[in-house]
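[1] Provide a 3D model corresponding to the input given below.
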Amino acid sequence: MEASDPRVTRRRFTATAARALGAISLGAIGFGEACDVSTETEDDAARISARPRDGATTSIASGRLGLAEGERDGVIQLPASAQQRPVPLLVFLHGATQSGAGMLRRIGAAADEAGVAVLAPDSRGTTWDAIRGRFGEDVAFLDRALNHVFSRLSVDPARVAVGGFSDGASYAISLGLANGDLFPRVVACSPGFVISAAPRGRPRVFVSHGLSDQILPIDRCSRIIVPRLRSMGYDVTFREFEGRHDMPAAVVSEALQWMAAR
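    Residues are numbered from 1 along each chain as shown. Purely as a prediction, here's the structure:
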């Protein structure tokens, strides 16, 4: 979550740090102490049905998606290699009060260098639905956006990832674990929590977090999330960095190269 979000205060994240984080539905396994958000959801509500399509040819250009009226839509960026072979695709989710276009400005250069196409949708509200309550309209829009892209772009199914920053990172981990059969890789930059949903597949996970994060403190967030994921058998790459609630260029570049690797 972003410091600029008027609904977010430091007290919200620290006053009840002992409350249970939303648990991944693997028996009684949960995430113990973490940042102050706990959400329950129905298992099917987090599921995405869109899948990459064999034989898709590139008939989409970088720019606005054009799937929604008004300002809340989303953008896509294709790398120069998109015409040559199936490309890796990263679905990257913004933080609270932000936009897909804003996120793309921050990671676009690293994505192009790594040869990764980026789909950066906008949430329907100021942040992602399950963080405000339950999975619903944002999952439906993501499904629609992915179907739009998969029908117009040759995507490598083995290198489809969901990622995000802050609220978007929390949402990305939650969706990624619930849709590991679609997203074999998950990139989470400064996540705060994981929302309960039945896991599918076994995605690999990349997590980064600033040691001096003033919004989502690392000790109450990633340093709890990462060990729990590892204890559940997930392959997690964890990068701590000197800094605050941010995505340093070097970390972004590493994350993009990690998800693009065969």
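[2] immediately after the lengthiest strand in the chain, which helix or strand?
    Taking DSSP state E as the criterion, the chain has its longest strand at strand 155-165. Next in sequence after strand 155-165, counting helices and strands by DSSP states H and E, comes helix 167-178.
[3] what distance separates that next one from the centre of its chain?
    Distance of helix 167-178 from the chain centroid (Cα atoms, centre = their mean, to the nearest Å) equals 5 Å.
[4] quick one: residues in contact with whichever helix or strand comes after it.
    Using DSSP H and E, the helix or strand that follows helix 167-178 in sequence is strand 185-189. With Cβ atoms under 8 Å, 6 or more residues apart in numbering as the test, strand 185-189 has contacts from 90, 92, 159-166, 169-170, 172-173, 176-177, 203-209, 222, 247, 251-252, 255, 258-259. To be clear about C-beta, it is placed using only N, CA and C from the backbone, and glycine gets the same treatment.
[5] how about 7 Å then?
    90, 159, 161-165, 169, 172-173, 176, 203-208, 247, 255, 259 (Cβ atoms under 7 Å, 6 or more residues apart in numbering).
[6] the residue nearest to Arg223 when sequence neighbours are not counted: neighbour count?
    The shortest distance from Arg223 to any non-neighbouring residue, by Cβ to Cβ, 6 or more residues apart in numbering, is to His209 (7.8 Å). Counted with other Cβ atoms under 10 Å, residues neighbouring His209 total 28.
[7] can you start the count at 33 instead of 1 from here on
    Got it, the first residue is 33 from now on, which makes the last one we talked about His241.
[8] mind telling me what element His241 is part of?
    Assigned by DSSP H and E, His241 falls in strand 236-242.
[9] beta partners for the residue nearest to Arg255?
    Under DSSP bridges, the beta-bridge partners of His241 are Glu272.
[10] please, where are all the helices along the stretch 83-232 of the chain?
    Ranges of helices in the stretch 83-232 of the chain, per DSSP state H, counting those that start in this stretch, are 132-146, 161-164, 169-182, 199-210.
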